[in-house]
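**Student:** Give me the fold of what follows.
(one chain, ligands or ions: 1)
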Amino acid sequence: MSVTEALGKRRTYYALNKELPVPTDEVKKLLQDVTELVPDAFNMHSQRIYVALGDKQDELWDKIYDAFGGKVARDKIDGFKAAAGTVLYFYDEDVVKGMQDQFPSYAANFPVWANQANGMLQINIWTALRELGIGANIQHYNPVIDDTVKALFNVPDSWKLIAQMPFGGIVADPDPKPKEDITKRVQFFE
Ligand SMILES: Cc1cc2nc3c(=O)[nH]c(=O)nc-3n(C[C@H](O)[C@H](O)[C@H](O)COP(=O)(O)O)c2cc1C
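**Tutor:** Below is the predicted model of the structure:
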């Protein structure tokens, strides 16, 4: 599958189950490889992921439900809990601070770049998972769940939680997206 084909198959999959179409070790390898391959500003290696699997996956989403004190619908949370795992995306603020000290004239840019690199990591993992036949979606229950996640996975204090990506076997495909007139957003000048 080419990168563009894989990107075309990547969608927001909400209906997921715990049956992965490939061995879990293959998924772990993919997550390591993609994290190593995705670029970062100044090659600063600010990106971090923790991956909840098995009992930790269920515990994560039960605790996320608890963190909202019933304000998020149980069936919505159970939809994410039904997935095989969740990628938790962070960046390390200590790395960012170190770069700010080293390159003061770019200080304001480093947190922005860390967020951008996190987005690059997210889209690449999202697409690479789909290439393996695994569906995923992206959620943002942070910052409400920050302390919950830190306690559950013993996350270092300097790691900032950016996003949560439940992934799993595909139960149902999303509706096709209407084709847009892309010339409104992409223009060429020669
Ligand atoms: C930066 C970003 C943040 C998003 N946040 C959420 C979110 O918090 N919850 C959610 O269900 N979907 C979220 N999405 C998914 C988008 O709604 C979805 O990608 C978009 O509607 C296009 O649909 P597709 O992913 O099927 O192509 C997010 C997507 C991006 C790129």
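**Student:** Which residues of this protein lie near the ligand?
**Tutor:** 11-12, 137-140, 174 (CB under 6 Å from any ligand atom). For every residue, glycine as well, the C-beta is placed using N, CA and C.
**Student:** Who wins on neighbours among these?
**Tutor:** Within the residues of the chain next to the ligand, most neighbours by other CB atoms under 10 Å means Asn137, with 20 neighbours.
**Student:** Could you find the closest non-adjacent residue to that residue?
**Tutor:** Among residues not flanking Asn137 along the chain, Thr12 sits closest, at 4.7 Å (CB to CB, 6 or more residues apart in numbering).
**Student:** ditto for Gln116
**Tutor:** That would be Ala41: by CB to CB, 6+ apart, it lies 7.5 Å from Gln116.
**Student:** Can you mark which positions in the helix or strand of the chain at the bottom of the mean pLDDT ranking are buried?
**Tutor:** The helix or strand of the chain with the poorest confidence is helix 3-9; it has a mean of 94 (mean pLDDT, DSSP states H and E). Of the residues in helix 3-9, those buried by neighbour count under the rule 16 or more other CB atoms under 10 Å are Ala6.
**Student:** Run through who's touching that helix.
**Tutor:** Contacts of helix 3-9 with the rest of the structure, by CB atoms under 8 Å, 6 or more residues apart in numbering, involve 1, 127-128, 130-131.
**Student:** Show residues contacting the helix or strand harbouring Arg130.
**Tutor:** Using DSSP states H and E, Arg130 falls within helix 109-131. Taking contacts as CB under 8 Å, 6+ apart, the residues outside helix 109-131 that touch it are 1, 3, 6-7, 9-11, 27, 30-31, 34-35, 37-42, 44, 46-47, 49, 87, 89-91, 93, 95-96, 99-100, 103, 135-136, 138, 162-163, 165, 167.
**Student:** Fine, thanks again, bye for now.
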